[in-house]
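In: below are the sequence and a predicted model; questions follow.
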Amino acid sequence: MPNLQDLRRRIRAVKSTRQITKAMKMVSAAKLRRAQERVTAARPYTIKMMQIFADLQRRAPEYRHPLLSGRDGEADSAPARPRVLLVVITGDKGLCGPFNTNLIKRAQEFLRENDKTDVELVLIGRKGFEFFKRRPVTIRRHHLGVTGSGRINFADVQQITGEVIADFTGEGESFDRVYLLYSEFKSALQQRQVVEQLLPVGRGTDADTSGGGATETLVEYLYEQPPDEIFGAILPKLIETQLHRALLESVASEMGARMTAMESASKNADDVINRLTLNMNRVRQATITREIIEVVSGAAAL
Amino acid sequence: MADKLQLEVITPERLALRETVDEVTLPGLGGELGILPEHTPLISQLQTGVLSYRKGGEKKLVHVSGGFAEVLPDRVSVLADVAETAEEIDAARAERARESAQRQLAGGEGDAIEAQRKLQRAITRLELAAQARK
């Protein structure tokens, strides 16, 4: 029989835990709102970028660029063992339910699916890095603290993009494809792990998915610089934009996941407290009953 | 016939500016571009510099760094990496950036081209901040 003192202590402990999870839930909710605002704020830029890119593709369909698909003449001259780079965006912190685990699982799945290729990883976020550093995979680079504060610094995005592009176009040991794995923000309750091809940039496909922004205006632009040159300048920016959006969505997802996790943790704490209280009352009642019996039987014996 | 221009300055992080204006001057890669309403559709790369626009009798300045401009007869959209209106610029921070860039250049450490660019940005922002104070 557990004693009364212990039960009281446990109830107190669970109550203070509940307080913490409740506070974390509130904080995540606030951060989630801000993250969502940032996703929205980044949208006009993405749409405009896609629009200009689509127009450029239309205007210069024959133009070849190392970052566009169909380099080295044609794609069918692919080497026997292509080299693939997978950029994985996870969170820096835990306590957000299955958020990081799901991403890591998806990454492992990707590794299994692509066991005929040499996959190397670029890990953004502490959780992914901590998992994979003890595993037999090749980690090309890792970045910590990019999503940590819930804000995305565009300079970080530019740096990461620059390195990825250098890997892709680099002399000799360049990669054939670059994929991006991140958590897409559907709602606070729902996140989806998606794998997107980052490089080479597909022709047309990107513009089609940009939400119709590309089709509405087909204006004949005057180009201040030759289209080729603008093309060359806009491609890295397009990738930056893609990565930036992925990071923003990832932050929003993480906050959403944490909010949900903390919500259920608080509920759980409520249940535990109820159970413990019931238990405690029972123990107390049992003690009282026993004492009464002792008194009564003591009196009867007189 | 539109007699005004919709000016939008967009960065990846936010919509920095949205105004109805009479005239825009862009820091194009090949030199300054003056844009009036009913301009032919045009796309240009931009260099780090000052974008200025006129609204009524007022002239305002915005610091932009890198990016593109899309010009339509009734609209100018600027896609920049960084954009700050003159009022937003933190003069003290720009001053520090200028000093650090100069040190980098003098010491020959790091990427000289990057340092040069940084210096250029800092100087532009300082000039703007000075004008905004007047």
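Out: Received it, and whenever you're ready, just let me know what you need. Every value quoted in this text rests on a predicted model; they were computed, and no experiment measured them.

In: the domain parsing of chain B - what is it?
Out: B:5-86, B:89-133 (automatic domain parsing).

In: and the first one, is it in reach of chain A?
Out: Yes. Part of domain B:5-86 sits close enough to chain A to count as contact by CB under 8 Å from any CB of the partner chain, namely B:8, B:10-15, B:28-30, B:33, B:40-45, B:67-68, B:70, B:72, B:77, B:79, B:81-82. For glycine as for every other residue, the C-beta is placed from the backbone atoms N, C-alpha and C.

In: now that domain: mean pLDDT?
Out: Averaged over domain B:5-86, pLDDT sits at 87.

In: stretch B:99-115 too?
Out: On average, the pLDDT along stretch B:99-115 is 78.

In: residue contacts, whichever residue of chain B sits closest to chain A?
Out: Ranked by CB to the nearest CB, the top residue of chain B for proximity to chain A is B:Ser44, at 3.3 Å. Residues counted as contacts of B:Ser44 (CB atoms under 8 Å, 6 or more residues apart in numbering or on different chains) are A:223-225, B:26, B:28-30, B:33, B:68-69, B:71.

In: mind doing that once more with 7 Å?
Out: By CB atoms under 7 Å, 6 or more residues apart in numbering or on different chains, B:Ser44 lies in contact with A:224-225, B:26, B:28-29, B:33, B:68-69.

In: same question, B:Leu33
Out: Contacts of B:Leu33 (CB under 7 Å, 6+ apart): B:25-26, B:44.

In: with B:Glu95 instead?
Out: Listed by CB under 7 Å, 6+ apart, the contact set of B:Glu95 reads B:Leu126.

In: in which helix or strand does the residue of chain B closest to chain A reside?
Out: Using DSSP states H and E, B:Ser44 sits within strand B:42-45.

In: do the same with A:Ser183
Out: strand A:177-187.

In: output that strand as CSV, nothing but the C-alphas.
Out: Below are the C-alpha coordinates for strand A:177-187, written out as CSV (Å, rounded to 0.1, in the frame of the first residue of the first chain):
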residue,chain,number,x,y,z
ARG,A,177,21.1,15.2,-58.4
VAL,A,178,20.2,17.2,-55.3
TYR,A,179,17.1,16.4,-53.3
LEU,A,180,15.6,18.3,-50.4
LEU,A,181,13.7,16.6,-47.6
TYR,A,182,11.6,18.7,-45.3
SER,A,183,8.4,18.8,-43.4
GLU,A,184,5.6,20.5,-45.3
PHE,A,185,3.2,22.5,-43.1
LYS,A,186,-0.4,21.4,-43.7
SER,A,187,-1.9,22.4,-40.4
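
In: A:Pro236: neighbour count?
Out: As a burial measure, A:Pro236 scores 16 neighbours (other CB atoms under 10 Å in any protein chain shown).
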